[in-house]
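Trainee: Structure here, sequence nowhere to be found:
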C-alpha cells in the first residue's frame with residue numbers, strides 16, 4: 001500500500017468516526033436542541049449589551065455574563081412568559097364558552113342587533129359556519145399552547161438549560177469564536193464575515209423586528225383591556241402577528257376593535273381605542289424602530305410574517321423566534337456568499 005493510499009484511508013476512517021460521533025451526539029442532544037439553538041440566538045442578540053457591561057466591569061466576563069443574563073430574564077423572558085400565559089388562560093376561557101354555548105358568533109350578532117339594529121345580511125348567512133370554524137380554530141390553539149405548559153418539570157429544566165446556555169456562550173464568546181474559526185475550512189477573513197453577518201441577522205430579527213412586534217402587541221393588549229375589548233391578550237397576540245403585515249400592521253386588529261366598540265354603542269371607548277391605536281401603538285414604529293432595528297440585514301416584513309407562522313407551525317411557541325432567525329441566517333449566508341464571489345472574481349487575473 002502506497003503512502004498516499006494509507007493517508008487517504010486514515011482520513012476516511014477518521015471522518016467516518018467523526019460522522020458516527022456526530023450522529024450519536026445528535027440523538028443525545030435532540031430533546032434539547034431547540035433550547036440550545038434559542039440560547040445561541042438570544043446570546044447573539046444581547047452580545048452588544050454584554051460587551052458594554054464587561055467593559056464597565058473592566059473585563060470581568062463572568063460577572064458581566066451573569067448581569068446580562070439577569071437583564072435577559074427581566075426584560076425578555078419574564079414579559080413574554082407572562083404574555084403567553086395570559087393568552088393561554090384567555091383561550092381556555094373562550095374555549096369553555098364555545099363548548100357550553102355561552103359565546104358564539106351568533107351571540108355576537110344578537111348583541112349587535114340589540115345595540116344598533118344594523119348588521120350586514122352576509123353575517124346572518126355565515127354565522128353558523130363561523131360557530132364551527134371558531135371552535136375548531138380555538139381547539140387547535142388551546143391544544144398547541146397547552147403542550148407548552150403540560151409538564152412543569154420540563155419547562156423548568158428547559159429554562160435552566162436556556163439560562164445556563166446563554167451564560168456559557170457569553171462568558172466564553174472569544175473561545176467559541178476561535179473554536180469555530182479553527183474547525184472551519186474557510187479563511188479567517190471569511191469566517192469573521194459570516195460570524196458578523198449572523199450576529200447582525202440575530203440582532204435585526206430578535207432585537208429589532210420581533211421586539212417591536214411584541215411591544216406593539218403588549219401595548220395593544222393594554223388598550224384592549226382599558227377600553228373593554230374581550231380577551232385583550234389574545235387580540236394583542238394577533239396584533240403582534242399583524243405588525244409584520246406590510247402597509248397595514250396592527251391596524252388589521254385595532255381597526256376592527258374600534259368598529260366593534262362603535263357598533264355596540266360604546267362611543268366613548270371607541271374614540272379612546274382609536275386614539276390609543278393611533279398614538280400609543282402607531283408611534284412605536286417611528287420611535288423604537290430607529291433605536292432597535294439593525295439596518296445591516298434587510299428582510300421584508302411579509303417574509304418575516306411567513307417565517308413566524310411557519311416557525312410556530314414547525315416548532316410550536318418557540319418558532320415565533322426561531323422561524324425568523326432561520327430565515328435571517330439564510331439571508332446572512334447568501335449575503336456572505338455574494339461577497340465571497342465578488343471578491344473571488346476581483347482576484348482573478350484579467351485576460
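Mentor: All right, it came through fine. Source: prediction; values computed, not measured. Numbers count the residues shown, from 1 in each chain.

Trainee: buried ones in stretch 72-88?
Mentor: Judged by neighbour count (16 or more other Cβ atoms under 10 Å), stretch 72-88 contains these buried residues: 72, 76-77, 80, 83-84, 86-88. C-beta here means a position set from N, CA and C on the backbone, and glycine is covered the same way.

Trainee: Residue 332 contacts residue 204, correct?
Mentor: No: the pair residue 332 / residue 204 is not scored as a contact, 9.1 Å apart, by Cβ atoms under 8 Å.

Trainee: what about residue 240, how many residues close to it?
Mentor: The local packing of residue 240 (other Cβ atoms under 10 Å) involves 25 other residues.

Trainee: hang on, it packs against residue 216?
Mentor: Yes: counting by Cβ under 8 Å, residue 216 is a contact partner of residue 240 at 6.3 Å.

Trainee: Can you point out the buried residues in stretch 58-73?
Mentor: 61, 64-65, 67-69, 72.

Trainee: pLDDT of it, averaged?
Mentor: Average pLDDT, stretch 58-73: 89.

Trainee: what does stretch 329-343 give?
Mentor: If you average the pLDDT over stretch 329-343, you get 78.

Trainee: Can you list the buried residues in that stretch?
Mentor: 329, 331-332, 335-336, 340.

Trainee: and what of stretch 10-18?
Mentor: For stretch 10-18, burial by neighbour count (16+ other Cβ under 10 Å) applies to no residue.

Trainee: What ranges does the stretch 201-350 of the chain have for its helices?
Mentor: For the stretch 201-350 of the chain, the helices defined by DSSP state H, counting those that start in this stretch cover 211-226, 232-242, 251-263, 267-276, 282-292, 301-315, 319-347.

Trainee: Which residues outside the second one are in contact with it?
Mentor: Read that as helix 232-242. 83, 86-87, 89-91, 94, 213-214, 216-218, 220-225, 229, 248-254, 257, 281, 305, 308-309 (Cβ atoms under 8 Å, 6 or more residues apart in numbering).

Trainee: For PyMOL, what selects the buried ones among those residues?
Mentor: In PyMOL syntax, the buried subset of the contacts of helix 232-242 is picked out as below (16+ other Cβ under 10 Å):
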select buried, resi 83+86+87+90+91+94+213+214+216+217+218+220+221+223+224+229+249+250+251+253+254+257+281+305+308
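
Trainee: and residue 299, how far is that from residue 336?
Mentor: 15 Å (Cβ to Cβ, to the nearest Å).
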